[in-house]
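K.L.:
quick check, what structure comes out for this input:
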Amino acid sequence: MFPLSIGTYVKIIAGALIIFGAWYNGYSIGYGKLTTYKLEQETATRTKEAAQQAATDQIRKDKDAQINAINNQLATALIELRNRPSRTQITNNGQSGTGLSLSAEDSTFLEWEAARADKLRTALEACYKQYDEVAK
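P.N.:
Model (predicted):
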């Protein structure tokens, strides 16, 4: 009824089970190594991400502190500039060059512009620092 003997069929089935078992064992070992590797990579990435976030937060705090200092200096300067005389109709020839003859309005405008430029410079420096920190 069967062209081969029963022993041969048993040997073929046993061989197939051994091959399948070896393949499954190799697959499970490889899958375990892959899972371990992925977990290690995820942990390393999260650690690096946390360090970069801490550095970014510190850079942002420093930038905000510098901007607050600039705002305080601007407020102080504007209070001092209130004592200057207002703009007159008679124009100065601009020979002095020290800024002492500037009117209150002109001085205030220049202080605002200087503070704005300082804030932009501070924000740009923070941006560069943050980029360099992340690029490490």
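
K.L.:
run the chain-centre distance for the lengthiest helix in the chain.
P.N.:
Scanning the chain for the helix with the most residues, using DSSP state H, yields helix 6-81. Offset of helix 6-81 from its chain centre (Cα atoms, centre = their mean, to the nearest Å): 17 Å.

K.L.:
so how far is Ala44 from Ala123?
P.N.:
31 Å (Cβ to Cβ, to the nearest Å). Where you see a C-beta, it was placed from the backbone N, CA and C, and this is true even at glycine.

K.L.:
more neighbours, the two?
P.N.:
Taking neighbours as other Cβ atoms under 10 Å, Ala123 and Ala44 compare with Ala123 leading, 13 against 10.

K.L.:
just give me the neighbour total for the spatially closest residue to that one that is not a sequence neighbour.
P.N.:
Excluding the flanking residues, the one nearest Ala123 by Cβ to Cβ, 6 or more residues apart in numbering is Lys63, at 6.4 Å. As a burial measure, Lys63 scores 19 neighbours (other Cβ under 10 Å).
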